[in-house]
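In: Could you look at this predicted model? Sequence included:
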Amino acid sequence: MDDDERPGAEEVRSAAAALLEENWTGDHTVPATGLYPHQWSWDSGFIAVGLRHVAPERAQRELESLMAAQWADGRLPQIVFDLDRDDDYAPGDSFWRSRTIAGAPERPTAGLIQPPNHAWAALLVHRADPVLSRARRFLEEAYPRLVAWHGYLAARRDHRGAGLAAVVHPWESGTDNSPLWDEALAAVPDTPTWQVTRPDLGHAAAAERPGRKEYARYFWLAERYRDHGCDDTDEDHPFVMEDPCFNALWAVSELALAEIATELGRDDAPHRARAARIAAALEGLYLPELGIYGARDVVRDALVRKTTVNGLVPLVLPGLPHAAELVDTLRGPGFLCGGALLVPSYDLRAPDADTALYWRGPAWFNMNWVLVAGLREHLEGPLADSLARQVITLAVRHGFPEYVDPITGEPHGTRDFSWTAALALDLAM
Ligand code: 9WN
């Protein structure tokens, strides 16, 4: 790409800041008006990372509003519903009825969770403006909530007792229709009691969203979890998966909590110990023959041997034993050397890869941002820099799309997507 095609830092900053302002509701940022009208958990983490450069107080409030919807058991919910603005999303509050569940907060939320990037985000937000952060007691207030959130993962989601947290629904992974979940999902009934509605298809093309059968299974699983009071005691829950992306983000966030503890004059050792335990347990997901981390299907006690971007995310961990192999895989024919501009969500050589279909081939900006951080962690500066430039260029050129075709850069999904703007902004600063 020619240098003159690249947007300058000021162009990125003003376009991204304007979009984030537009998507700000007064206490949080929606992922995108229309398709995603509420507050999403890991979106808020990524959005805060970008917001810190242009509106540090709003970045703090982004995380505070999510943490205000914490459940008594410590979970941070996948979605906090904003009923005043829009109810055009399913399943919404009428499905979850969270206020009828013991321990749920005042504000209506989903019962599920999303990947724990929040402590990492909180640390970055603090460091962007420590004076403001201290004046607002941002870390003092956030720390116990983040400790409780990670405590929930350790106490309620470590189904095997091996040190990893499991997701009980594809939505919890944030990578909804990733090929990692195919087999486990195929065993889930597609007969929910709740009538499946698809408002999402009014905002994005059907060919770019999960299919009808998948949605029926998503609803069935959500219904099952809800009908067990979201209490994580359902021993026959049919979908229990250990995701390398979710757990790597947990470990990084645990390391961030250690830094936060130090900043607050508390003991960082328990956080470092837990991060080390997660990192050690992650090694059980490594697939040497593929040079990548897979997922574990806890119900079937089997590893899912598929090469997806989720399996590259452990690169963010310092001292990762297989970092060199992961970098080779990332540079290799399934990912960047398939001629890709950005790292795709799924091995481009897979017969069922589809470069326009959501988490089954397209490149996502959050994953590429995480990989830039991972490459920098492992001293792969030039590759990190070229990936960062592509993130910025494709984000700005196409009006902050949700995801892009990794080969052509063609935009897909919704536009004006908040984390695309926030993370391009972060890389441009
Ligand atoms: C379900 C909001 C969310 C992201 C997820 C992405 C998509 C929701 C959906 O949008 O999922 O949570 O309705 O498809 O997969 O990562 O957090 O942006």
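Out: That came through fine. Numbering: from 1, shown residues only.
In: When you work out contacts or count neighbours from here on, use the C-alpha atoms and nothing else.
Out: Fine.
In: From what I see, residue 140 and residue 264 are in contact.
Out: Yes. Counting by C-alpha atoms under 8 Å, residue 264 is a contact partner of residue 140 at 7.1 Å.
In: Quick check: closest non-adjacent residue to residue 153.
Out: residue 165 (5.8 Å; C-alpha to C-alpha, 6 or more residues apart in numbering).
In: quick one: that neighbour from residue 208, how far?
Out: As judged by C-alpha to C-alpha, to the nearest Å, residue 165 and residue 208 stand 29 Å apart.
In: do the same with residue 124
Out: According to C-alpha to C-alpha, residue 124 and residue 208 sit 33 Å apart.
In: Which residues are in contact with the closest residue to residue 210 other than its chain neighbours?
Out: Distances taken as C-alpha to C-alpha, 6+ apart put residue 177 closest to residue 210, at 6.4 Å, once the chain neighbours are dropped. The contact partners of residue 177, by C-alpha atoms under 8 Å, 6 or more residues apart in numbering, come to 170, 210, 214, 358-360.
In: Residue 90 contacts residue 202, doesn't it?
Out: No. Using C-alpha under 8 Å, residue 90 is not in contact with residue 202, being 11.9 Å away.
In: Pick out whichever of those two has more residues nearby.
Out: Counted by other C-alpha atoms under 10 Å, residue 90 and residue 202 do not tie: residue 90 has more neighbours, with 15 against 11.
In: Apart from its neighbours in sequence, what residue is nearest residue 403?
Out: Distance criterion C-alpha to C-alpha, 6+ apart; nearest residue to residue 403, sequence neighbours excluded, is residue 364 at 4.8 Å.
In: How about the contacts made by the one you found?
Out: Counted by C-alpha under 8 Å, 6+ apart, residue 364 has contacts 343-345, 402-404.
In: with the residues you listed in mind, which one is nearest to residue 242?
Out: residue 345 (17.5 Å; C-alpha to C-alpha).
In: The protein: strands as residue ranges?
Out: Listed in chain order, the strands of the chain (DSSP state E) span 39-40, 79-80, 166-167, 241-242, 286-287, 292-293, 295-297, 302-304, 363-364, 403-404, 411-412.
In: ok, residues contacting the last one?
Out: Contacts to strand 411-412, defined as C-alpha under 8 Å, 6+ apart, come from residues 208, 356, 398, 401-405.
In: Output those residues in TSV; the columns should cover distance to the ligand, pLDDT and neighbour count.
Out: Below are the contacts of strand 411-412 laid out as TSV (distance: C-alpha to the nearest ligand atom, whole Å; pLDDT from 0 to 100; neighbours: other C-alpha atoms under 10 Å):
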residue	distance to the ligand	pLDDT	neighbour count
208	10	90	20
356	14	95	21
398	17	96	17
401	11	98	25
402	8	98	26
403	10	98	32
404	14	98	28
405	16	98	23
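In: Kindly state the pLDDT recorded for the residue in the stretch 51-200 of the chain that the ligand sits nearest to?
Out: Relative to the ligand, the nearest point of the stretch 51-200 of the chain is residue 174 (3.6 Å; C-alpha to the nearest ligand atom). Looking at residue 174, its pLDDT reads 98.
In: Alright, calling it a day.
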